[in-house]
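>>> When you get a sec, could you give me coordinates for this:
(chains A and B)
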Amino acid sequence: MNLLNISGSPHVHSDESTKKIMWRVNLALVPMLLVAIAYFGLNALLVSLISVVSCVLFQWLIEKFILKVPTTIWDGSAIVTGLLLAFNVPATVDMMWIVVIGALVAIGVAKMAFGGLGKNPFNPAIVGRIFLLISFPVQMTTWPQVGGLFPMSFDVVTGATPLGAFKEGALPEGVTFMDAFLGHIGGSLGEVSALAILIGAIYLLCRKIISWHIPVAFIGTAFVFSGILWLVNPETYMDPVMTILTGGIMLGACFMATDMVTSPMAKSGQLIFGFGCGLLTIIIRNWGSYPEGVSFAILIMNCLTPLLNRWCKPQRFAC
Amino acid sequence: MKTFRMGGVHPEENKISNDAAIEVMPVPAQMVVLMNQHLGAPATPVVQKGDKVKVGQLIGEAQAFMCANVHSPVSGTVLKVEPCKDAFGLAKPAVYINVEGDEWMETIDRTPDIKRECTLEPKEIVAKLKEMGIVGLGGATFPAHIKYSVPEGKKAEYLIINAAECEPYLTSDYRVMMEHAEEVCIGVSILRKALGVPNAYIGIESNKPLAIAKMQEMARQFEGIVIEPLKVKYPQGAEKQLINAVTGRKVPSGKLPIDVGCVVSNLGTSFSVYEAIQKNKPLIENILTVTGKKLPSQHNYIVRIGTTYNDIIKHSIGELPATTGKVISGGTMMGKAVVNLDAPTVKGNSSVLVMDEAEARRNPETACIRCGKCMHACPMGLEPYLFSALVRNNRIEEAKEHNILDCIECGCCFFSCPANKPLTDEIRLGKNKVRAMMAAKK
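Residues are numbered from 1 along each chain as shown, chains lettered A, B, ... in the order given. Model prediction:
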């Protein structure tokens, strides 16, 4: 007679795992990567690859030699960070070495220094991006212009993003809503196509990895707030549709602000979190010194997450 | 379709023993009857070594308030009266009986006739429930005579019968509905009369369409029985969730169903109520499911209470498969893992569930990624992740402030946790510590 296991109930599990969640997020990021390769060519592929490989490598090195714990690189979370970091930088040759520094900051400082997955207060990819933006302001704002599909050359024509151009005075000529929706605009590697982002986001929604609360509150607030400003003065302020389609709002709202670890858990907290992100983004875009404010907005709201978790309790069944 | 409002999960249903008709399990050669088969104090043995007993004879008397009578499930000679280890390894006072023949008390009506008329007054019904040792068969084994004595100042408005059977694998209630619909309806009518409520609601999960149809047809012949199909969602059959689903009311924290005018009984209880009131048959038999994915056959049995797990396994499937990992009494979500297969079954046991090694293994725990799945799965609107952290750090006072005692231990949090954190285990530990802390303060 073999020995029986004993344990407390329940004796079954949903089969859900962190690993599955992370790999599904990676899958959801694929459409953006494909669009980036289509518009920015090999540069996009190489920057993404280098970013992912460095993130995974740094995590492995830190776990093996500094923390001396079993490696967790197969849970896929370092790949998520690597992809998101790459998606937040321009697809240029310079980035192929700069992004390695970003990966070190993202994984080493923002993630592992706090104790690894689940314990980081800030979104690692955003910390990495902001570090690069402050340290390499020129390279981080040198945007390749989208030409034809699948450019094979490493040398690219650079120019301003719609947001950058608007900050300087006016939108680049001929940029339509459809261009912005499909991604035919300048910008960071993964943020250009709202369509690709929506495909990924819908997949995550169906898989119940994200809920609608943060993206809708984030994009909705940005839309309404920028709409009010635009109605007041269409000369100075960008119209709301262009506002949400350009820059990092879509990517930030669907993939960065929804990071489970650094966003609130209760639905009410998520709505406040999304609202704060949207509000801060528009404030920074219009009155800050940077043309784009999504990263800063999310980083600031990350700080409030523990507080929101404390304030926003789920509704109890019975009081 | 009605359902409870918040949280819940949907585990694999695995009702593989659905079509196995109820069989009668033979009486074993020796029987151990525990005196503590219910919530509350153990019954006091009223037989001694050498006494002859008949089937249905009182052998343990309820002397405390929260207690229930225990009757002999077999006829024979009392071998000894001494403690016996129960299925979970705890020693309980027990009466050992050497089985001789199968001689029943003359008072018990063993004819197959179904008796519909019940002329007893509510008070008499409750007294008879007490005499017959009826307890709730939904899991908590709460003595029925206490539940159906509505305290002064409280008023029952709803009688709710739990036939949700939301636990995976379990099919005993389903089989009772399919085979004894009339008796169940009579039992429910008797309980309705005892409470003096206009309607009784029988909640059945909609994954049992045949049972719903059968009960609906039968209920038409009775006054005041409403069949309520419920959405398939675990824990639909948990007392507070079922009340919420059927009436929309919510039992406040720390209160009882009667505080919102509800009394909830299990379907199996209503069947035993019928037998007790109409047939004078005390609670001496369980209807239980023997099931498991790797078992050669699936069964539903009517078993004399006190038959050991080993006897049941031996009769039903011969022996446990070599790859058996766990034997559970109850369903996979709230059932208890059996430690001692030589232990006798007790009132309220609903299954012998055999899980394969692979099925019984827990995945290793990883870091919490604060996904909030536990919180959204919690049908009580609590924060399991927070309890886990508080209990691990022994911050018991705070766990109490965050209402850890509201937890019904349904297991939805652990079930849905992607990090495989043993949340339910930790909460259980936390609840015990909170109770100990409160007791120490008094």
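>>> List the buried residues in stretch A:90-97.
Buried residues in stretch A:90-97, counting neighbours by 16 or more other Cβ atoms under 10 Å in any protein chain shown, are found at A:90-92, A:94-96. Placement of C-beta: from N, CA and C, glycine included.
>>> isn't A:Glu191 right up against A:Leu251?
Yes. A:Glu191 is within contact range of A:Leu251, at 4.2 Å (criterion: Cβ atoms under 8 Å).
>>> overlap in contacts of those two?
Listed as contacting both A:Glu191 and A:Leu251 by Cβ atoms under 8 Å, 6 or more residues apart in numbering or on different chains are A:32, A:87-88, A:197.
>>> and B:Leu353, what element?
Taking DSSP states H and E as the definition, one finds B:Leu353 inside strand B:351-356.
>>> what distance separates the following helix or strand past that strand from the middle of the whole chain?
Once the chain leaves strand B:351-356, the next helix or strand it forms, by DSSP H and E, is helix B:357-360. Between the centre of helix B:357-360 and the centre of its host chain there is 24 Å, according to Cα atoms, centre = their mean, to the nearest Å.
>>> does helix B:357-360 come close to chain A?
Yes. Judged by Cβ under 8 Å from any Cβ of the partner chain, helix B:357-360 comes into contact with chain A through B:357, B:359-360.
>>> what about that helix, average pLDDT?
For helix B:357-360, mean pLDDT rounds to 86.
>>> do the same with stretch B:279-287
Throughout stretch B:279-287, pLDDT has a mean value of 95.
>>> For that stretch, which outside residues touch it?
Applying Cβ under 8 Å, 6+ apart, the set of residues contacting stretch B:279-287 from outside is B:22, B:55-56, B:58, B:69, B:71-73, B:105, B:107-110, B:115, B:131-135, B:137, B:172, B:175-176, B:268, B:271-272, B:275-276, B:300-305, B:345, B:347-350.
>>> please redo it, this time with the cut-off set to 7 Å
B:22, B:55-56, B:71, B:73, B:107-109, B:132-135, B:172, B:175-176, B:268, B:272, B:275-276, B:300, B:302-305, B:345, B:347, B:349 (Cβ atoms under 7 Å, 6 or more residues apart in numbering or on different chains).
>>> Same question for stretch A:302-319.
For stretch A:302-319, contacts defined as Cβ under 7 Å, 6+ apart pick out A:121-123, A:262-266, A:268-269, A:272-273, A:276, B:6, B:240, B:250-253, B:375, B:379-381, B:383, B:403.
>>> Just the buried residues of those residues.
Buried subset of those (neighbour count, 16+ other Cβ under 10 Å): A:122-123, A:262-266, A:269, A:272-273, A:276, B:6, B:240, B:250-251, B:375, B:379-381, B:383, B:403.
>>> Inside helices: which ones of the residues you listed?
In this view, those that belong to helices under DSSP state H are A:269, A:272-273, A:276, B:240, B:375.
>>> farthest-separated two in those?
Greatest spatial distance among those (Cβ to Cβ): A:Gly276 and B:Lys240, at 35.5 Å.
>>> Buried ones only from the shared contacts of A:Glu191 and A:Leu251, please, as a ChimeraX command.
Listed next is the ChimeraX selection for buried residues among the shared contacts of A:Glu191 and A:Leu251, using 16+ other Cβ under 10 Å:
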select /A:32,87,88,197
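>>> returning to what we had before: which one of the residues of helix B:357-360 next to chain A is nearest B:Val226?
Nearest to B:Val226 among the residues of helix B:357-360 next to chain A, counting by Cβ to Cβ, is B:Glu359 at 37.7 Å.
>>> who's in contact with the closest one?
B:Glu359 sits next to B:293, B:325 when contact means Cβ under 7 Å, 6+ apart.
>>> quick one on the thing from earlier: just name the closest of the residues of helix B:357-360 next to chain A to A:Tyr39, please.
Using Cβ to Cβ, B:Glu359 comes nearest to A:Tyr39 of those, at 48.6 Å.
>>> Report the contact partners of B:Ser297.
Taking Cβ under 7 Å, 6+ apart, we find B:Ser297 in contact with B:Ile317.
>>> Write out the residues of the stretch 251-400 of chain B neighbouring chain A.
For the stretch 251-400 of chain B, the residues in contact with chain A (Cβ under 7 Å from any Cβ of the partner chain) are B:251-253, B:322, B:324-328, B:332-337, B:339, B:355, B:360, B:362-363, B:366-372, B:375, B:379-381, B:383.
>>> Which of the residues you listed fall in helices?
Reading helices off these with DSSP H, I get B:360, B:375.
>>> Take the residues of the stretch 251-400 of chain B next to chain A and keep only those in strands.
If you go by DSSP state E, those have B:324-328, B:336-337, B:355 in strands.
>>> Would you reformat these as TSV and include neighbour count?
Shown next, in TSV, are these (neighbours: other Cβ atoms under 10 Å in any protein chain shown):
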residue	neighbour count
B:Thr324	23
B:Gly325	21
B:Lys326	22
B:Val327	26
B:Ile328	25
B:Lys336	17
B:Ala337	22
B:Met355	26
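>>> Grab the two from those that are most spread out in space.
Greatest spatial distance in those: B:Thr324 and B:Lys336, 16.2 Å, computed using Cβ to Cβ.
>>> Not counting its neighbours along the chain, what's nearest the residue in the stretch 201-319 of chain A positioned nearest to chain B?
Per Cβ to the nearest Cβ, A:Met265 is where the stretch 201-319 of chain A lies closest to chain B, at 3.3 Å. Taking Cβ to Cβ, 6 or more residues apart in numbering or on different chains, and ignoring the residues beside it in sequence, A:Met265 has B:Gly372 as its nearest neighbour in space, at 3.3 Å.
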